[in-house]
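sequence? don't have it. structure:
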């Protein structure tokens, strides 16, 4: 289990894949609304004039000095569903984020969103 206090300290760290290749910078953390546990992070990627935020699961992430190593290859993360840097993930697009990483998705108990930004 990843402590939420620890995850907040990861913001603005480089995000790298298992091979140490830089993917981008961690912008924010999304928690599972059912458990309030960190679930996904958004990573700033793209050209300086066309930044976007892609989603990456934090399950299995490791932290080092100045970086967060995720358990997914750079190419998979860069092709993940994205939002604008000032955008919000619409609830109806949440299943696509989970499907991209072949993770199961279930909406909240009352049909509410599964992910909340912290």
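Noted; the coordinates are in hand. None of the values given here were measured: they were computed from a predicted structure.

so which other helices or strands are in contact with the longest strand anywhere in the chain?
In the chain, assigned by DSSP state E, the strand with the most residues is strand 22-32. Counting contacts by 3 or more C-beta pairs under 8 Å, 6 or more residues apart in numbering; DSSP states H and E, strand 22-32 is packed against helix 4-10, strand 14-16, strand 38-45, strand 52-57, helix 74-78, strand 115-117. (Each C-beta comes from the backbone N, C-alpha and C, glycine too.)

ok, residue 18 - contacts?
Listed by C-beta atoms under 8 Å, 6 or more residues apart in numbering, the contact set of residue 18 reads 69, 70, 71, 72, 73.

what of residue 89?
The contact partners of residue 89, by C-beta under 8 Å, 6+ apart, come to 30, 55, 81, 83, 97, 115, 117.

tell me which two of those residues sit farthest apart.
Largest separation among those by C-beta to C-beta: 81 and 117, giving 14.6 Å.

more neighbours, those two?
Legend: neighbour count by other C-beta atoms under 10 Å for residue 81 and residue 117, higher for residue 81 (17 against 12).

what residues does that one make contact with?
Contacts of residue 81 (C-beta under 8 Å, 6+ apart): 54, 55, 89, 93, 96, 97, 100.

what do you get if the cut-off is 10 Å, keeping everything else the same?
53-55, 89, 93-101 (C-beta atoms under 10 Å, 6 or more residues apart in numbering).

again with residue 79
Listed by C-beta under 10 Å, 6+ apart, the contact set of residue 79 reads 54, 73, 100.

where in the protein is pLDDT low?
Across the chain, the ranges flagged by pLDDT under 70 are 1-8, 109.

now with 50?
1, 4 (pLDDT under 50).

check the gap between residue 35 and residue 116 for me.
11 Å (C-beta to C-beta, to the nearest Å).

neighbour count for these two, which is higher?
residue 116 (15 against 9).

closest to the centroid, which residue in this protein?
Residue closest to the average C-alpha location in the chain (C-alpha atoms, centre = their mean): residue 41, at 2.2 Å.
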